[in-house]
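Visitor: What follows is a protein structure lacking sequence information:
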Ligand SMILES: Cc1cc2nc3c(=O)[nH]c(=O)nc-3n(C[C@H](O)[C@H](O)[C@H](O)COP(=O)(O)OP(=O)(O)OC[C@H]3O[C@@H](n4cnc5c(N)ncnc54)[C@H](O)[C@@H]3O)c2cc1C
C-alpha cells in the first residue's frame, strides 16, 4: 500500500492532491500542497501524524492561513488543515475548553455573550485558536497566552499529550508550542463580568480596526513592532507607504500591511517585503523582522 492508498483508507474526511494553497490563505497567494488533508477529528489527525512519520514526509499544520506567506512553489509533503471538526467550545464555569479550529472572532463574541471576560481583544483577529496560540496573537494590550491553563497536542509519535501553562513559553508573537506538536484543544481561564459591557468592548475594538485596517487581502501586520516604535510608523516615516511590486502594495492606509491588489504572487509580496526592509535599513539603520511566516518553496 502506498501513502495515498493508506491515507484514503484511514481518512473519512478529505484528501486533495496538488491543492492550491492560494485558496486557503488570507493573502490569496501560494502554490500547491502535494497532499492537503482535512481530518474529521482527533483520531484521524493521529493517523495522519503516524503516516507522515512512517513515510518520512514533512507535515505542515494550517489554521486559517492568516499569518502565512506561502511561496509560489507550494509545500511538499502533507498540509493538514485544522478546521471545522475542531471548532467547538465547552463551558466549564469561568473557563472554556475550545477546539484549535475555533475562529477567534467566534470565540470573542460567544464568550462576551456569556459574560466571560478576556477574549474581547480577539474579535477582529481572523485566525483559529491553534494559530493564535502558536503566534501568541494579541491586540489592544491583550494576548491569548495570558489566558492559557492547558493545551492538548498530538506529538510526532501520535501520542496525545496535555501541557500545563507552566510548560509553555509565550513571548511577543511567539510560543514554543510548534516544537511540542499539533494543537487540538486549549483550556482558557476567563473571568465573569457583565455581558453587555463585554459585547460593547468587542464591537468597539472591531469598529476601531475597521477604521484603521485596509479591507483588501492581507496577512495583518507584516513586520514585528520594535519595543520603542511600531513598525508601521517607521515604514511610513521612511516613505514606504504605497510602494508597489506587481500586484502587491504597502497599504496607503496602514504601512505595516501589504495588500494584494489582485493578481499578486507570493514572489511579488516577498520582493516588496525585502524592498521595505532595505528602505528602513537605509533610512534608520533598523532591521525589520517579519511577523508573518514565510513557508514553502519558491517557483
Ligand atoms: C486582517 C488581519 C488582521 C490581523 N490582526 C492581528 C492582530 O491584531 N493581532 C495578531 O496577533 N495577529 C493578527 N493577524 C495575524 C493572524 O490572524 C494571527 O497570527 C492568527 O493567530 C493566525 O492564526 P491562523 O489560524 O490563521 O494561523 P496560520 O496562519 O494558519 O498559521 C500560523 C502558524 O501557526 C501554525 N499553526 C496553525 N494552527 C496550528 C495548530 N493547530 N497546531 C500547531 N501549529 C499550528 C502554522 O503552522 C503556522 O506556523 C491578522 C491577520 C489579518 C489577515
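Guide: Nice, I can see it. Being a predicted model, the structure only gives us computed values, none of them experimental.
Visitor: can I see the domain layout of this protein?
Guide: 3-84, 87-212, 231-295 (automatic domain parsing).
Visitor: nearest to residue 218, of those?
Guide: domain 231-295 (4.8 Å; CB to CB). No exception for glycine: its C-beta is placed from N, CA and C like everyone else's.
Visitor: start to end distance for the closest one?
Guide: Length of domain 231-295, first residue to last, CA to CA, to the nearest Å: 22 Å.
Visitor: for stretch 38-45, same thing?
Guide: 8 Å.
Visitor: ok, that stretch near the ligand or not?
Guide: No: for stretch 38-45, no contact with the ligand is found by CB under 6 Å from any ligand atom; the gap never falls below 9.3 Å.
Visitor: how far is that stretch from where the chain is centred?
Guide: Relative to the mean C-alpha coordinate of its chain, stretch 38-45 is positioned 19 Å out (CA atoms, centre = their mean, to the nearest Å).
Visitor: still on that earlier bit, can you put the domains of the chain in TSV and add mean pLDDT and distance to residue 221?
Guide: Conversion of the domains of the chain to TSV gives the following (pLDDT from 0 to 100; distance: least, CB to CB, whole Å):
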stretch	mean pLDDT	distance to residue 221
domain 3-84	93	9
domain 87-212	97	9
domain 231-295	98	5
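Visitor: okay if I get those domains as JSON lines plus mean neighbour count and distance to residue 224?
Guide: Compiled in JSON lines, the domains of the chain are given as follows (neighbours: other CB atoms under 10 Å; distance: least, CB to CB, whole Å):
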{"stretch": "domain 3-84", "mean neighbour count": "19", "distance to residue 224": "12"}
{"stretch": "domain 87-212", "mean neighbour count": "18", "distance to residue 224": "6"}
{"stretch": "domain 231-295", "mean neighbour count": "18", "distance to residue 224": "5"}
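Visitor: Tell me which stretches of the stretch 101-250 of the chain form helices.
Guide: Taking DSSP state H, counting those that start in this stretch, the helices of the stretch 101-250 of the chain run over residues 104-113, 129-135, 195-212, 231-237.
Visitor: Which among these is found nearest to residue 56?
Guide: Nearest to residue 56, of the helices of the stretch 101-250 of the chain and by CB to CB, is helix 129-135 at 23.8 Å.
Visitor: check contacts around the residue sitting nearest the centre point of the chain.
Guide: Geometric centre of the chain, nearest residue: residue 131, 3.9 Å, by CA atoms, centre = their mean. Residues in contact with residue 131 (CB atoms under 8 Å, 6 or more residues apart in numbering) are 63, 64, 66, 67, 137.
Visitor: of these, closest to the ligand?
Guide: Set against the ligand, the nearest of these by CB to the nearest ligand atom is residue 63 (2.2 Å).
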